[in-house]
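[1] got a predicted structure plus its sequence, pasted below:
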Amino acid sequence: MERLRQRADFLAVADGTRVSSAAFTLQSRCRDDLGPIRIGFTVTKKNGTATERNRIRRRLRAVVKRADVVAMRPHHDYVLIGRRTALTRDFATLLDDFRTALKRLDRQPARSTAGRIERRDPNDDR
């Protein structure tokens with residue numbers, strides 16, 4: 001399992017499916033390549049000071065390490081967006097929330113582009 005580090009990868013996952021929990025939001029996206037599972041972590045500044053944000057990120061990383069990698073789909077990218085509740089939530093509950101979120105992602109269909117606006121080229125002769 002590798003880590004997501006580039007902003008473009010985080011933005012690509014943001015267009016995929018998502019599941020919310022009390023302590024985090026889990027986003028997922030299927031990749032076209034045959035690479036390994038990649039996971040990224042992010043915590044916004046509204047969740048507290050740098051120390052608190054780092055603690056949230058560390059707890060989420062520990063949850064992913066303890067969770068079953070088998071539950072994650074191969075060739076997928078995942079992003080965990082931490083919330084302030086992750087600081088005070090029991091670790092066993094966090095782990096259960098993560099496993100439940102993965103199961104809920106499996107049940108969700110992939111997000112379609114049907115609701116998006118298609119931009120036309122003014123020089124196109126349609």
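    Sure thing, it's come through. Everything quoted here is computed from the prediction, not taken from an experiment.
[2] let me see the contact set for residue 31.
    75-77 (CB atoms under 8 Å, 6 or more residues apart in numbering). No exception for glycine: its C-beta is placed from N, CA and C like everyone else's.
[3] looking at it, residue 37 is touching residue 74, isn't it?
    Yes: using CB atoms under 8 Å, residue 37 is in contact with residue 74, at 6.4 Å.
[4] which one of the two has more residues nearby?
    Legend: neighbour count by other CB atoms under 10 Å for residue 37 and residue 74, higher for residue 37 (16 against 12).
[5] what sits against the more buried one?
    Each residue near residue 37 by CB under 8 Å, 6+ apart is listed here: 1-2, 69, 72-78.
[6] would you mind giving me the ChimeraX syntax to select the buried ones in those residues?
    Selecting only the buried entries of these in ChimeraX, with 16 or more other CB atoms under 10 Å as the criterion:
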select :72,76,77,78
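[7] pLDDT-wise, what's the bottom of the contacts of residue 37?
    Ranked by pLDDT, the contacts of residue 37 bottom out at residue 69 (77).
[8] what segments of the chain are helices?
    Per DSSP state H, the chain carries helices over the ranges 7-14, 50-66, 91-107.
[9] can I get those helices in JSON lines with distance to residue 82, mean neighbour count and mean pLDDT?
    As requested, the helices of the chain are arranged in JSON lines below (distance: least, CB to CB, whole Å; neighbours: other CB atoms under 10 Å; pLDDT from 0 to 100):
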{"stretch": "helix 7-14", "distance to residue 82": "13", "mean neighbour count": "14", "mean pLDDT": "95"}
{"stretch": "helix 50-66", "distance to residue 82": "4", "mean neighbour count": "15", "mean pLDDT": "96"}
{"stretch": "helix 91-107", "distance to residue 82": "10", "mean neighbour count": "15", "mean pLDDT": "93"}
